[in-house]
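I'd like to go over a predicted model; first the sequence, then the structure.
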Amino acid sequence: MRIRNLAVTATLVPVLMLAGCGNNESSDVAAGSPGAQKAAKHGLDTVADGSAQVEGSPVSDDPVVNAYYDYRVALDVMMRSGGKATKQLVPVMTNSLYRAISAQAKYYRTKRLHNTGVTTVVWAKRTLLADGVIVRACYDTKKATTVDAKGKSALPPKTPTRWLDEMRVEQVQGRWIVDGGRTTPVKC
């Protein structure tokens, strides 16, 4: 199966897990970046409405890796807002991935969930494959959790905290954006 076709799988696995349909060892809801904490403190509203970038976001010399970082920050803002902030997602991902992430945002709103804390991107690097450019990245969710409206954790107790993202990144109208991929629990 092509990585491009896994975009829906990568975003719906966490939703299924929260709904009681997933496997505790292969599902998670966390997303984010080192800049997520600063997003909460500095200008979250302008980032959430898509009119500003997060101050202090991670930066790389590689524009492909930067596209991944932008995606993680935008995704984290959506999850921290409880699915209410989605405008910042549009410039960092393809339309098909946006539709899948919008379903996750709707689930967050419906179930009154939101993320707290921050996730940390441990490392990220570009990889060239036959079907395109992939960013492989390891992120840690130890300091982040998904909670319900009462502040109670919505994640099973043994949810893994280290994840490997393999995200396809493509250039659209001169800008690198994320086109989906897969996330697996791995000690990276």
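Done, it's in.

State the distance from Ser96 to Leu89.
Computed as C-beta to C-beta, to the nearest Å, the Ser96 to Leu89 distance reads 12 Å. Yep, even glycine has a C-beta here, placed from its N, CA and C like the rest.

Looking at those two, which is more packed in?
Set side by side, Ser96 and Leu89 show more neighbours around Leu89, with 21 against 14, by other C-beta atoms under 10 Å.

So the more buried one belongs to a helix, correct?
Yes - under DSSP: H, G, I helix; E, B strand; the rest coil, Leu89 sits within a helix.

right, and it touches Arg72 too?
No - using C-beta atoms under 8 Å, Leu89 is not in contact with Arg72; the gap is 11.3 Å.

and the closest residue to Val59 other than its chain neighbours, what is it in contact with?
Excluding the flanking residues, the one nearest Val59 by C-beta to C-beta, 6 or more residues apart in numbering is Asn66, at 6.4 Å. Contacts for Asn66 (C-beta atoms under 8 Å, 6 or more residues apart in numbering) come out as Val59, Ser60, Trp176.

Any of those buried? List them.
Burial by neighbour count, 16 or more other C-beta atoms under 10 Å: within the contacts of Asn66 this picks out Trp176.
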